[in-house]
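In: Predicted structure and sequence below. I'll ask about it afterward.
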Amino acid sequence: MIKGIFSSLIGIPTVALGLLLYLFMSHQGEFGFLHLLYTLNGIAIGQSILITPLIVSFTASALGAADVQLRDLAETLGASSFRCNLAIMRETVWPMVLAVSAAFNRGFGELGVAMIVGGNLFQETRVLTTSIALETNLGNFNVAMAYAIILMAVVLIITLTINLVERLRQEEMPWKKQ
Amino acid sequence: MEARLQLKNVEKSYGSVKALEDINLKIVGGKTIALLGINGAGKTTLLRIIAGLEERDKGSILLDGKDTNGKELRQTATLVFQKTVMFSRSVYSNLAYGLKIRGKKDSEIKEEIARELHTVGLRNFEKRKAKKTSGGEQQRIALARAFLLNPQILLLDEPTANLDPYSATIIERAIMNRTKGKGIIILATHNLSQAKRLADDVVHIYEGKIVEIAAPQEFFNNPRSEMTRKFINGELDY
């Protein structure tokens, strides 16, 4: 049931979450005393909340999909409980890397939380996504496009790097052939 | 001779299903025992209990006269599974796993692995990805992995099932050539001729109970139990 709840929160609209956090973080809100609104810390907290369901859900799936006999194998080879858990985690580390990558992409490219919680303040809380929105509204399409290219380049480089590492991991390392 | 391994009144149930009932078995050190039985008879359950991977509901397991718990059994026995399980690493890492837990030095590990791979006919396989090898090769890797640990009790769950004759021969040869000393090998198999070739004693399990224990010649030529006679003749159904 908990996994189901986290799975359903993966697709939460960022603006809806941003609005909710705004209400909590504003002066009248329960956490107004923390002065998080219109700060980078506020954005960081908001985006952490945004990506948590994704990481939890992917990690739970990865651990659930791990071969149930892995624990038996580790135990019969003499591993302690701690080492067994380590062995299972090592076998599922790659799906978790993919989960973290997906979470990073979601957080890095989102607009709703950054805009509403951060306020898009110049030299304080203006990030790539809010800059793109601002420049587009101002009609500065060249600048907006440049920001968008940077955003996409970062995401692409990270994704391609992870895919390359995964490919090398799956195949025999050619330079290690006998 | 004093029994090295003794099972006394061991029982195991899964819900309302009795997987093992009143299992009594004495095995002397240095022996190879074949467990025979139809699918679902309880062979794998028995192996898993001796390996300490499942807790028995009742009864005791004595090793050298001393009652043992699951943890002690896991340190004493090694089980080679019917369906091979490999870590997502090289063959070398798979084989070294148990040895590193036992604190062996890297130089010793390397030497022992090379020797054991040669025994199972997989020379120079160290750097290959274990999961990328064939079924037969994986079974041999799993066997080498168990041999390396030199367990006091080696448990083999249908080690040559689904293997080509060549791989099966290599595995049987490796088992036969194994110097057991005081160690025990317990082998679950459907292969009657394999049991004849490898075992010192044959145990027939039916519906979770031991129905016959005898040396191979007596077991196959003159079984005492009607169930065993039917099993040998292929007349026993589920």
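Out: Cool, the structure landed. Note that the structure is a prediction, hence the values are computed from the model and not measured.
In: Could you use CA atoms for every contact and neighbour count after this?
Out: Will do.
In: Any buried residues in stretch B:55-71, and which?
Out: Neighbour-count burial for stretch B:55-71, counted by 16 or more other Cα atoms under 10 Å in any protein chain shown, picks out B:Arg56, B:Lys58, B:Gly59, B:Ser60, B:Ile61, B:Leu62, B:Leu63, B:Thr68, B:Gly70.
In: So what's the gap between the host helix or strand of the fifth one and the chain middle?
Out: Take DSSP states H and E as the rule and B:Ile61 turns out to sit in strand B:58-63. Distance, stretch centre to chain centre, for strand B:58-63: 18 Å (Cα atoms, centre = their mean, to the nearest Å).
In: Show me the shaky parts of chain B.
Out: Along chain B, segments meeting pLDDT under 70 span B:1, B:179-180, B:237-238.
In: Now do the helices in it.
Out: For chain B, the helices defined by DSSP state H occupy B:43-50, B:70-76, B:91-101, B:106-119, B:135-149, B:165-177, B:192-198, B:216-221, B:226-232.
In: Counting residues, which helix of chain A comes out longest?
Out: Identified as the longest helix of chain A according to DSSP H is helix A:141-170.
In: for that helix, packing partners?
Out: helix A:93-108, helix A:128-138 (3 or more Cα pairs under 8 Å, 6 or more residues apart in numbering or on different chains; DSSP states H and E).
In: Quick one: distance of it to the chain centre.
Out: Counting by Cα atoms, centre = their mean, helix A:141-170 comes out at 15 Å from the chain centroid.
In: Next: stretch B:166-176.
Out: Relative to its chain's centre, stretch B:166-176 lies at 14 Å (Cα atoms, centre = their mean).
In: cool, stretch A:47-61 as well?
Out: With Cα atoms, centre = their mean, you get 7 Å for stretch A:47-61.
In: still on that earlier bit, as a markdown table, the helices and strands packed on helix A:141-170 with mean neighbour count would be great.
Out: Converted to a markdown table, the helices and strands packed on helix A:141-170 look like this (neighbours: other Cα atoms under 10 Å in any protein chain shown):
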| stretch | mean neighbour count |
| --- | --- |
| helix A:93-108 | 18 |
| helix A:128-138 | 18 |
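In: Lowest mean pLDDT across those helices, which one is that?
Out: Lowest mean pLDDT within the helices and strands packed on helix A:141-170: helix A:93-108, a mean of 89.
In: Sort out which residues of the least confident helix or strand in chain A by mean pLDDT are buried, please.
Out: Taking mean pLDDT, DSSP states H and E as the measure, helix A:2-9 is the helix or strand of chain A with the lowest mean score, a mean of 84. Residues A:Phe6, A:Ser7, A:Leu9 are the ones in helix A:2-9 that count as buried (16+ other Cα under 10 Å).
In: Can you tell me which of the residues you listed is closest to chain B?
Out: A:Ser7 (27.6 Å; Cα to the nearest Cα).
In: re earlier: who does the least confident helix or strand of chain A touch, helix- and strand-wise?
Out: Using 3+ Cα pairs under 8 Å, 6+ apart: helix A:2-9 touches helix A:40-65.
In: so the helix it packs on versus helix A:93-108, what angle?
Out: Interaxial angle, helix A:40-65 versus helix A:93-108 (axes from the mean of the first three to the mean of the last three Cα atoms, to 10 degrees): 150 degrees.
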